[in-house]
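>>> Can you look at this prediction? I've put the sequence above it.
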Amino acid sequence: MLTCKEFLSELSDFLDEKTDREIRTKLESHISECPNCFVICDTTKKTISVYKGMKSCTIPDEVHQRLMAAVERKIASKNEIASKNELASKNELASKNEQASRKG
Ligand SMILES: [Zn+2]
């Protein structure tokens, strides 16, 4: 029987069906006896099939515009907060300076 390490090193070829029949048989017998590798193999297979099943799709214009508007609002509100913070710290600094100069 193969070790798990050997199994994993052959896994991607196995899933691509590139392995020799002899190795393939060994790999298959490994999965049938090793639950860990079975799960790894099964999960990887499913992931690949999901990935292959995905098609790039275009989103409708309306959705795109709404999305962009939402992103812009988000950015704008972030900038607003940032500039408020900046302003606040400037004011703080200014009032400190003022206090210092009054003392002076
Ligand atoms: Zn194993």
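Arrived safely, thanks for sending.

>>> Now residue 54: phi and psi?
With angles defined as degrees, to the nearest 10, residue 54 sits at phi -80, psi 130.

>>> quick one: it from residue 44, how far?
For residue 54, the distance to residue 44 (Cβ to Cβ, to the nearest Å) stands at 16 Å. The C-beta positions use only the backbone N, C-alpha and C, and glycine is treated the same way.

>>> How about residue 89?
Residue 89 is 51 Å from residue 44, where distance means Cβ to Cβ.

>>> Compare neighbour counts for these two and give me the winner.
residue 44 (15 against 10; other Cβ atoms under 10 Å).

>>> do you know how far that one is from residue 27?
On the measure of Cβ to Cβ, residue 44 and residue 27 end up 13 Å apart.

>>> residues shared between the contacts of the two?
residue 11 (Cβ atoms under 8 Å, 6 or more residues apart in numbering).

>>> now the longest helix seen in the chain, how far from the centre of its chain.
Counting residues, the longest helix found in the chain (DSSP state H) is helix 61-103. Relative to the centre of its chain, helix 61-103 is centred 29 Å away, using Cα atoms, centre = their mean, to the nearest Å.

>>> pLDDT on it, on average?
The pLDDT scores in helix 61-103 average 83.

>>> Which other helices and strands does the helix or strand harbouring residue 9 contact?
Using DSSP states H and E, residue 9 sits within helix 4-15. Packed against helix 4-15 by the contact rule (3 or more Cβ pairs under 8 Å, 6 or more residues apart in numbering; DSSP states H and E) you find helix 21-33, helix 35-53.

>>> Give me the angle between the first one and helix 35-53.
This means helix 21-33. Counting by axes from the mean of the first three to the mean of the last three Cα atoms, to 10 degrees, helix 21-33 points 110 degrees away from the direction of helix 35-53.
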